[in-house]
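K.L.:
fold the following, please.
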Amino acid sequence: MEIEQYPVGEQRKMYFAEGEALGHSHRWLGGQYCSITTSVGVVGCGIYDVGVADEFGMAFALAKGSPGCPLVQPEDLLEARIVKISKKAREMGIVEGMTGRSAVESMLVYAKRSESRFDGLLGEM
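P.N.:
Residues are numbered from 1 along each chain as shown. As a prediction, this is how the structure comes out:
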């Protein structure tokens, strides 16, 4: 049996119906956190501070694990329920109670709409 050396940080591409995102997992002795990052925002575990995200106008949707069922890997966020969101995430159609997967998909849809509006503006130049 191999003993894991700490700290550990992992990053990988994740694929969704509406596009791709990056999954992150970080672990150390006594703790961990995970997130899924899209081009327009983050779905993460409860370690993040939505108040700071609001202060900077960032889209954050947070799920919360428990000591008995911690969120360790980004895949753990997919079926977890969103418990807290930033104002920008709410503008993207994300609401408390939806799954992490649905929140990521909402961000990816929002990103596509934003890119198409931006492409249209470039065509006018």
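
K.L.:
pull the CA atoms of stretch 105-114 into PDB?
P.N.:
Presented in PDB, the C-alpha positions along stretch 105-114 are these (Å, rounded to 0.1, in the frame of the first residue of the first chain):
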ATOM      1  CA  GLU A 105     -23.900  23.500 -17.100                       C
ATOM      2  CA  SER A 106     -25.500  26.900 -16.400                       C
ATOM      3  CA  MET A 107     -22.100  28.600 -16.400                       C
ATOM      4  CA  LEU A 108     -21.100  26.900 -19.600                       C
ATOM      5  CA  VAL A 109     -24.400  28.000 -21.300                       C
ATOM      6  CA  TYR A 110     -23.800  31.600 -20.000                       C
ATOM      7  CA  ALA A 111     -20.300  31.500 -21.400                       C
ATOM      8  CA  LYS A 112     -21.500  30.400 -24.900                       C
ATOM      9  CA  ARG A 113     -24.000  33.300 -24.900                       C
ATOM     10  CA  SER A 114     -21.400  35.800 -23.800                       C
END
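
K.L.:
what about the helices in this protein?
P.N.:
Ranges of helices in the chain, per DSSP state H, are 50-55, 76-79, 87-91, 100-124.

K.L.:
where among these is the average confidence lowest?
P.N.:
Mean pLDDT is lowest for helix 100-124 out of the helices of the chain, coming in at a mean of 80.

K.L.:
and residue 56, backbone torsions?
P.N.:
Dihedral angles of residue 56 (phi, psi; degrees, to the nearest 10) stand at phi -100, psi 0.

K.L.:
neighbours around it, how many?
P.N.:
For residue 56, the neighbour count with other CB atoms under 10 Å is 9. The C-beta positions use only the backbone N, C-alpha and C, and glycine is treated the same way.
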